[in-house]
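Enquirer: Sequence first, predicted coordinates after that:
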Amino acid sequence: MLRIEALTKSFDGFMAVNNARLTVDQGEVVAVIGPNGAGKTTLFHLITGQLAPDSGSIRFQEKEIAAKAPHKICRMGIARSYQVVNLFSRLSVFENVQVAVLARRGKTFNLLRPSRTIAVDETNQILESVGLGGKADRVCGMLSHGEQKVLEIAIALGSRPEMLILDEPTAGMSPEETAQTLALMKRLVAEFELTILFCEHDMAMVFSIADRIMVMQQGQTLVEDTPEAVRSNLLVQEAYLGGGAAPC
Amino acid sequence: MIRALFSAKTLLVAALLLAALILAPQVLPRFYIYLMALVFVTGLLATSLNMVLGFGGMYQFHHAVFYGFGAYALTLLLTKAGMPPVFAYLLAPCCSAALGLLLGLITVRLTKLYFGMLQISLGSLVWALAYRWYSFTGGDDGIHGIPLPDVVYSSTGAYYFSLAVCSVSLLVMYLIVNSPFGRIFQGIRDNPERCRAVGVDVHRHQLAGQAIAAFFAGVAGTLFVTVEGSVFPELMFWTLSLELIIMCLLGGWFVFLGPMLGAAIIVVLRTFVGIYTEYWTLVLGVVLMLLIFFLPEGVLGFALRKAGPAQADPAKE
């Protein structure tokens, strides 16, 4: 579904992503792990078009998407959430998700119909499915950090993507919220057959959900394999998992 | 459509207000009628600015240029082209919209302050044209004694015409702000990056918003000509643009009717303080300072917040 080859991006000589490769197949849950500054977020920015790569190829469903505009990539079926909460701050929870639904339906140049009558059911369904149904009317700034991270995912779902990219979906969450988010991700895969690509520092979470794991270090792909293989890989243990002891 | 947006109470208040405004010329002296017409014109102009400023988050620093352009377009269509007034009145705002589109094509590539600065520069070029092109625009003298149709020639006629056009324009703008386009526009204001990520072509929306706002500024321009019977280059000078921004901030730039109130306050203040001192901008300066410190949401924004959080923003209910 997604195939990245020899992808490179540098900032003023610093190689943020250096010759990275990654393959994600339909229906898979793939995790990207690596120390801070390994280039995970840059990699996601490159896939979703926020940044244009220096070289290399990103193919989504056999089409080259490298350096395409973000809105075009989104319309092809890739939606994302952000590491740092990135919402529509003055809009309500409902409106935050509605923006994404309206954008997907291509209704954004409808000038005279009241928007409160459009896409209401679908928006409410998405909010229900992520557990924000009761908070639809709140201004999103009033939500807790954990809820805002969930709203991040809800906005991405509004685009009804085939592939969902989550940048540290549980960062800053309490253990309960992390467990809920994990359950949500599992449900999204089971119910909506979504393909998920995510990065995360919580190793317990990564190993409990990922079908495959890509380990990044200094912008490069160190290993790309099943969780078991990654866990026993000596290179990974040295680079990231803190030597000897296996995680979890 | 209307029923979905307004409660019965709002409709009743609007109807009563409209009735009072329709009856006003029967009881008020001519000067006040003229003043009220001026408030409609300026309020419409400030509201059109706020569509892109408060609801679109665009740093529209030179909105007056579209206002002046509409006023000049109407005047020149009437005097130079000899067009029938009905067509001239319809075409003039479209000229403003076209100018908005043209300038927008260049300016929306930039963001925030850079957008605003470039707009000031390009707008000033248009102003310079009007200011210097004596044979066509009358230069710094402007054009006076514009042949207006009889129905709007009297001050009462001009008043009713501005009231009608202003009401309809406000209604249409309110619909637009509450439409899917308006919602996306507010999304772009809050977070353009995220908008792109959910599949919105931000530049195209900003361009469309620019053209719509310019159109209504052009409508306000035609009303100015109707009320004053003349045009002059000051209509598109950048200091007026600044004054418009102050009106939006004063009234409340996240509330739909905020700029209307801000415009009313400033027009009235200028008229009455102006009688006593020519330094009326001094008073404006003090008002502005107090505003920034004590009412950052503007007068109407503050009042609505006090009235209850549920009604904090009627434009977004």
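Expert: Looks like it arrived, so ask away.

Enquirer: Next, the contact list for B:Leu223, please.
Expert: B:37, B:40-41, B:44, B:161-162, B:165-166 (CB atoms under 8 Å, 6 or more residues apart in numbering or on different chains). Yep, even glycine has a C-beta here, placed from its N, CA and C like the rest.

Enquirer: A helix includes it, no?
Expert: Yes - assessed with DSSP: H, G, I helix; E, B strand; the rest coil, B:Leu223 lies in a helix.

Enquirer: what does the model give it for pLDDT?
Expert: pLDDT for B:Leu223: 96.

Enquirer: ok so, going back, format the contacts of B:Leu223 as TSV; extra columns: pLDDT.
Expert: TSV is the format used below for the contacts of B:Leu223 (pLDDT from 0 to 100):
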residue	pLDDT
B:Ala37	95
B:Phe40	96
B:Val41	97
B:Leu44	97
B:Phe161	95
B:Ser162	95
B:Val165	96
B:Cys166	96
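
Enquirer: The residues you listed in helices, which ones?
Expert: Among those, the members falling in helices (DSSP state H) are B:37, B:40-41, B:44, B:161-162, B:165-166.

Enquirer: and stretch B:124-136, which residues are buried?
Expert: For stretch B:124-136, burial by neighbour count (16 or more other CB atoms under 10 Å in any protein chain shown) applies to B:124, B:126-127, B:130-131.

Enquirer: what does that stretch rub up against?
Expert: B:62, B:65, B:68-69, B:72, B:76, B:80, B:99, B:137, B:139-141, B:233, B:236-238.

Enquirer: For ChimeraX, write the selection for the buried entries among those residues.
Expert: Command for ChimeraX that selects the buried part of those, burial taken from 16+ other CB under 10 Å:
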select /B:62,65,68,69,72,76,99,137,233,236,237,238
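
Enquirer: Roughly how far does B:Leu291 sit from chain A?
Expert: According to CB to the nearest CB, to the nearest Å, B:Leu291 and chain A sit 20 Å apart.

Enquirer: Tell me how many other residues crowd that residue.
Expert: By other CB atoms under 10 Å in any protein chain shown, 19 other residues sit near B:Leu291.

Enquirer: And the helices in the stretch 101-250 of chain B, which stretches?
Expert: Here the stretch 101-250 of chain B has its helices, by DSSP state H, counting those that start in this stretch, at B:112-132, B:134-137, B:155-177, B:180-190, B:192-197, B:202-228, B:238-251.

Enquirer: Not counting its neighbours along the chain, what's nearest the residue of the stretch 201-317 of chain B found nearest chain A?
Expert: Taking CB to the nearest CB, chain A has its nearest neighbour within the stretch 201-317 of chain B at B:Asp201, 5.2 Å off. Spatial nearest neighbour of B:Asp201, excluding adjacent residues (CB to CB, 6 or more residues apart in numbering or on different chains): A:His71 at 5.2 Å.

Enquirer: Give me the next element, helix or strand, following the strand or helix carrying the one you found.
Expert: Remark: A:His71 resides in helix A:70-76, with elements defined by DSSP states H and E. Downstream of helix A:70-76, the next assigned helix or strand under DSSP H and E is strand A:78-80.

Enquirer: Now do the buried residues in that following strand.
Expert: A:78-80.

Enquirer: ok, that strand: who's next to it in the sheet?
Expert: With DSSP bridges as the test, strand A:78-80 is paired with strand A:163-167 (parallel).

Enquirer: Let me see the mean pLDDT of the partner strand.
Expert: Strand A:163-167 comes out at a mean pLDDT of 94.

Enquirer: Mean confidence (pLDDT) on the helix or strand just after that strand, please.
Expert: Going down the chain from strand A:163-167, the next helix or strand is helix A:175-192, by DSSP H and E. Averaged across helix A:175-192, the pLDDT comes to 90.

Enquirer: give me the low-pLDDT residue ranges for chain A?
Expert: Applying pLDDT under 70 to chain A flags residues A:239-248.

Enquirer: just the strands in it please.
Expert: Taking DSSP state E to define them, one finds strands in chain A at A:2-11, A:14-24, A:29-33, A:55-60, A:63-64, A:78-80, A:163-167, A:195-199, A:212-217, A:220-225.

Enquirer: for the nearest residue to A:Thr195 once chain neighbours are set aside, what are its contacts?
Expert: Take A:Thr195 and drop its neighbours on the chain: the residue closest to it by CB to CB, 6+ apart is A:Met163, 4.5 Å away. For A:Met163, the contact set (CB under 8 Å, 6+ apart) comprises A:1-2, A:24, A:60, A:77-79, A:194-197.

Enquirer: farthest residue from the center of the chain?
Expert: All of this refers to chain A. A:Leu112 (34.1 Å; CA atoms, centre = their mean).

Enquirer: To clarify, I was referring to chain B.
Expert: B:Ala197 (31.7 Å).

Enquirer: circling back: and the residue of the stretch 201-317 of chain B closest to chain A, what pLDDT?
Expert: Looking at B:Asp201, its pLDDT stands at 94.

Enquirer: hang on, the earlier thing: report the two members of the contacts of stretch B:124-136 separated by the largest distance.
Expert: B:Lys80 and B:Trp238 (26.1 Å; CB to CB).

Enquirer: Can you pull the residues of the stretch 151-300 of chain B lying near chain A?
Expert: Proximity of the stretch 151-300 of chain B to chain A, by CB under 8 Å from any CB of the partner chain, involves residues B:172, B:175-176, B:178-184, B:186-187, B:189-191, B:193-202, B:205, B:208, B:212, B:254.

Enquirer: Can I have the buried ones of the residues you listed as a PyMOL selection?
Expert: Filtering these down to the buried ones (16+ other CB under 10 Å) takes a single PyMOL command:
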select buried, chain B and resi 172+175+176+178+179+180+181+182+183+184+186+187+189+190+191+194+195+196+197+198+199+200+201+202+205+208+212+254
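
Enquirer: For residue 158, the count of nearby residues, please.
Expert: This is for chain A. 26.

Enquirer: um, chain B though
Expert: B:Ala158 has 23 nearby residues by other CB under 10 Å.

Enquirer: Among the buried residues of strand A:78-80, which one lies nearest to A:Phe11?
Expert: The closest of the buried residues of strand A:78-80 to A:Phe11 turns out to be A:Arg80 (CB to CB; 20.2 Å).

Enquirer: Please tell me I have it right and the closest one contacts A:Gly49.
Expert: No - applying CB atoms under 8 Å, one finds A:Arg80 not in contact with A:Gly49, separated by 9.9 Å.

Enquirer: Can you point out the buried residues in the helix holding A:His71?
Expert: For helix A:70-76, burial by neighbour count (16+ other CB under 10 Å) applies to A:70-71, A:73-76.

Enquirer: go on, stretch A:41-56?
Expert: For stretch A:41-56, burial by neighbour count (16+ other CB under 10 Å) applies to A:41-51, A:53-54, A:56.

Enquirer: These also near chain B: which ones?
Expert: Answer for these near chain B (CB under 8 Å from any CB): A:48-50.

Enquirer: That's all I had, so thanks and see you.
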